[in-house]
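Novice: Got a sequence here, can you build the structure:
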Amino acid sequence: MIFECQTYKIVVIVFHIYLVQIASFYKHEEKNVLFVFIDDLRLLTNAQVYLPNIHKLAGNGIIFQNAFAQQALCAPSRNSILTGRRPDSLRLYDFYSYWRDKVSNFSTIPQIFKESGYETYSFGKIFHPGQSSNFTDDYPYSWSVPPFHAPSEIFKDAKNCKDDKTGKLQRNLICPVNVTTQPRKTLPDLEILNNAINVLKERDATKPFFVAVGFHKPHIPLRFPAQYLETVPIEKVKPPSYPFRPQYLPTVSWHPWLDVRRRDDIKRLNISFPYGTMPYEWTLRIKQSYYAASSYVDELIGNLLDYVDMRKTIVVLTSDHGWSLGENGLWAKYSNFDVALKVPLIFHVPGIYPKHVDSPVELIDIFPTLIELAGLKSSIPKCKNSKDIKCFEGKSLVPLMHDVEQDIKRTAFALSQYPRPSIQPQINSDKPRLRDIKIMGYSIRTKRYRYTEWISFNSTLLTKDWNTTFGIELYDHVMDPEESNNIHTKHKYKHIKSKLSKLLRTQNIR
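Specialist: A predicted model of the protein is given here:
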């Protein structure tokens, strides 16, 4: 009996200490925020390429092992993340509209921080430059000063890559370089890093900051300092388990990865359109260069974090979407497959212990999570409808950060989508403009399954017809982690398919 009482007291004391830690986190001085955005970085394992700085950040933070983008295309994904709203709510599936003009004056993550007294800075690719961010990266709404873009970025698609055989400069996909021979004797990500560090060193420390740093690599072209190839020996690069178009893959699901085909080095291979397969040797070379470019960015992240006081700073690291590396014969993004949607998502939060979370989460969850972590939640009303200015559609991940049991018990899923202009792959299947979209693929990912329905979509009225289906996909990740075996017609999975279809449709009622 005495032992039971003592045990009870210990439990009460430990729980009290835990509550004090949480309370002290929110009551202490305002935390700075560093948002690290990596372009086109899929979730990579240590077996593929060792990224020591990202690995270290993950080891000291909360890593979400199953985080998914809402659309595997830069502008829609970035606007979804930064406004906390789905592509359907923003009416953005391409690059050619600005939500404040076309939909409503929705607030962004950095805007909320700016209005709350933070100095907000953008370096590199945070919003997608161009019409989708009003040609200003949403300045002055989101940023205290005009966003910084690397001057050398204007040369990103120039003939910077020396051909192995002719020695001529070309627009290649694979492009390891000597930095001193490049325009301005630098690379965009180096300029982004240096400018971000200068601001971190010289800014007025009396105000909290929200600094967003967007690195361009491993976005193509795969142009990076050549020495990083040494981190990924070609003999250690493994080919995809299934490098061909799967037998039961609906044609509407396939995309012809034209941005890869059009690079000078790949163009010479004369790969047949739209279903041709990348040659084995080039598959390995592209994967090696993608990994090397990722290693390059990892080192830049390590340099950036050297100038951050981790005791006073919330750090979030993620990507806008993933990138296929030959799985099922596909390259680039532009799909509803895991490899195109699954990304790293890491939070380092002072006062919260490191942990791994396995539940599926969405990148729109970053908005409410950062708002809550920074103690700004009370100033943001709940979402009532799509016209609310200050709200979001994601769910805060803070409860998962504090309670491992919630991760185990949670029934969770992630929603994504991708548009198509037709059932058959054609020249604009990768990136159709809104006026050309005829089909929308809606996809739901649970812990075990991915289920996708490709349905009729009216791009004028922005309506969907669930009764007109052009393709269905179901993948069991226990048996098929690379999503190569579409099992939606298998009787064994009849009830799973029905359940996921109903769940998918109830989540897409607009």
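
Novice: In stretch 138-155, which residues are buried?
Specialist: 138-139, 141-144, 147-150, 152-153, 155 (16 or more other CB atoms under 10 Å). To be clear about C-beta, it is placed using only N, CA and C from the backbone, and glycine gets the same treatment.

Novice: how long is that stretch from one end to the other?
Specialist: 24 Å (CA to CA, to the nearest Å).

Novice: Other residues contacting it?
Specialist: 82, 100, 108-111, 114, 119-124, 126-127, 129, 136-137, 182-184, 186-192, 195-196, 216 (CB atoms under 8 Å, 6 or more residues apart in numbering).

Novice: what about 6 Å?
Specialist: Defining contact as CB atoms under 6 Å, 6 or more residues apart in numbering, one finds that stretch 138-155 is touched by 108, 110-111, 119-120, 122-123, 127, 137, 183-184, 186, 188, 191-192, 195.

Novice: Just flag the most distant two among those residues.
Specialist: Gln111 and Pro183 (34.0 Å; CB to CB).

Novice: Which of the contacts of stretch 138-155 are buried, as a ChimeraX select command?
Specialist: Restricted to buried positions by 16+ other CB under 10 Å, the ChimeraX selection for the contacts of stretch 138-155 reads:
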select :108,110,111,119,120,122,123,127,137,188,191,192,195
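
Novice: Now intersect the contacts of stretch 138-155 with the strands, please.
Specialist: Among these, the members falling in strands (DSSP state E) are Glu119, Thr120, Ser122, Phe123.

Novice: Surely the third one is in contact with Val211?
Specialist: What that stands for is Ser122. No - at 8.3 Å, Ser122 does not count as touching Val211 under the criterion of CB atoms under 6 Å.

Novice: so where's the stretch 251-400 of the chain uncertain?
Specialist: Scanning the stretch 251-400 of the chain for pLDDT under 70 picks out 378-379, 381-390.

Novice: Which parts of it are strands?
Specialist: 313-319, 324-325, 331-332, 342-343, 345-348, 355-357, 361-362 (DSSP state E, counting those that start in this stretch).

Novice: Between those, which one is closest to Tyr242.
Specialist: Using CB to CB, the strands of the stretch 251-400 of the chain put strand 324-325 closest to Tyr242, at 11.9 Å.

Novice: What lies in contact with the closest one?
Specialist: Contacts of strand 324-325 (CB under 6 Å, 6+ apart): Lys287, Leu330, Trp331, Val339, Ala340.

Novice: ok, 7 Å please
Specialist: Pro240, Lys287, Tyr290, Leu330, Trp331, Ala332, Ser335, Phe337, Val339, Ala340 (CB atoms under 7 Å, 6 or more residues apart in numbering).

Novice: hang on, the earlier thing: can you tell me which of the ones in strands among the contacts of stretch 138-155 is nearest Leu363?
Specialist: Distances from Leu363 to the ones in strands among the contacts of stretch 138-155, taken by CB to CB, are shortest for Ser122, at 17.7 Å.

Novice: In contact with the closest one, which residues are there?
Specialist: Asp137, Trp143, Pro147, Phe148, Ala212.

Novice: quick one: contacts for the first one?
Specialist: For Asp137, the contacting residues are Ser122, Ile126, Phe127, Pro129, Trp143, Pro147, taking CB under 7 Å, 6+ apart as the criterion.

Novice: How much space separates the fifth one from Glu115?
Specialist: Translated: Trp143. 12 Å (CB to CB, to the nearest Å).

Novice: Same check on the fourth one?
Specialist: Distance of Pro129 to Glu115, computed by CB to CB: 23 Å.

Novice: Now tabulate the buried residues of stretch 138-155 in CSV and tack on secondary structure, distance to Glu30 and pLDDT.
Specialist: CSV is the format used below for these (DSSP: H, G, I helix; E, B strand; the rest coil; distance: CB to CB, whole Å; pLDDT from 0 to 100):
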residue, secondary structure, distance to Glu30, pLDDT
Asp138, coil, 23, 98
Tyr139, coil, 23, 98
Tyr141, coil, 21, 97
Ser142, coil, 18, 98
Trp143, coil, 18, 98
Ser144, coil, 15, 97
Pro147, coil, 23, 98
Phe148, strand, 24, 98
His149, coil, 28, 98
Ala150, coil, 30, 98
Ser152, helix, 35, 97
Glu153, helix, 32, 96
Phe155, helix, 39, 95
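
Novice: Can you tell me which of these is closest to Leu434?
Specialist: Asp138 (19.9 Å).

Novice: Any figure for the gap between that closest one and Phe127?
Specialist: For Asp138, the distance to Phe127 - CB to CB - is 6 Å.

Novice: Pull the number of nearby residues for Lys165.
Specialist: Neighbourhood size, Lys165 [other CB atoms under 10 Å]: 6.

Novice: does it sit in a helix, a strand or a coil?
Specialist: coil (DSSP: H, G, I helix; E, B strand; the rest coil).

Novice: Quick check: Ile472 touching Glu453?
Specialist: Yes - counting by CB atoms under 7 Å, Ile472 touches Glu453, with 5.6 Å between them.

Novice: between the two, which one's more packed in?
Specialist: More neighbours surround Glu453 than the other of Ile472 and Glu453, with 25 against 18 (other CB under 10 Å).

Novice: Are we agreed that the more buried one is in a helix?
Specialist: No - with three-state DSSP as the criterion, Glu453 is located in strand rather than a helix.

Novice: Tell me who's in contact with it.
Specialist: For Glu453, counting by CB under 7 Å, 6+ apart, the contacting residues are Tyr442, Thr469, Ile472, Ser501, Leu504.

Novice: in this structure, which residue is closest to the centre?
Specialist: Nearest to the geometric centre of the chain sits Asp320, at 2.7 Å (CA atoms, centre = their mean).

Novice: got the contact list for that one?
Specialist: Residues near Asp320 by CB under 7 Å, 6+ apart: Phe37, Asp39, Ala69, Cys74, Ser77, Arg78.

Novice: what do you get for Gln71?
Specialist: Going by CB under 7 Å, 6+ apart, the list of residues near Gln71 reads Ser77, Ser80, Pro87, Tyr93, Ser416, Gln417, Tyr418.

Novice: gap between Ala67 and Trp143?
Specialist: Separation of Ala67 from Trp143 (CB to CB) stands at 25 Å.

Novice: What is the neighbour count of the closest residue to Thr283 other than its chain neighbours?
Specialist: Closest residue to Thr283 apart from its sequence neighbours, by CB to CB, 6 or more residues apart in numbering: Gly326 at 4.8 Å. Here the number of neighbours of Gly326 (other CB under 10 Å) works out to 22.

Novice: which of the contacts of Glu453 are buried?
Specialist: When the contacts of Glu453 are checked for burial by 16+ other CB under 10 Å, the buried set is Tyr442, Ile472, Ser501, Leu504.

Novice: Just read off the phi/psi values of the second one.
Specialist: By that I understand Ile472. phi -130, psi 140 (degrees, to the nearest 10).
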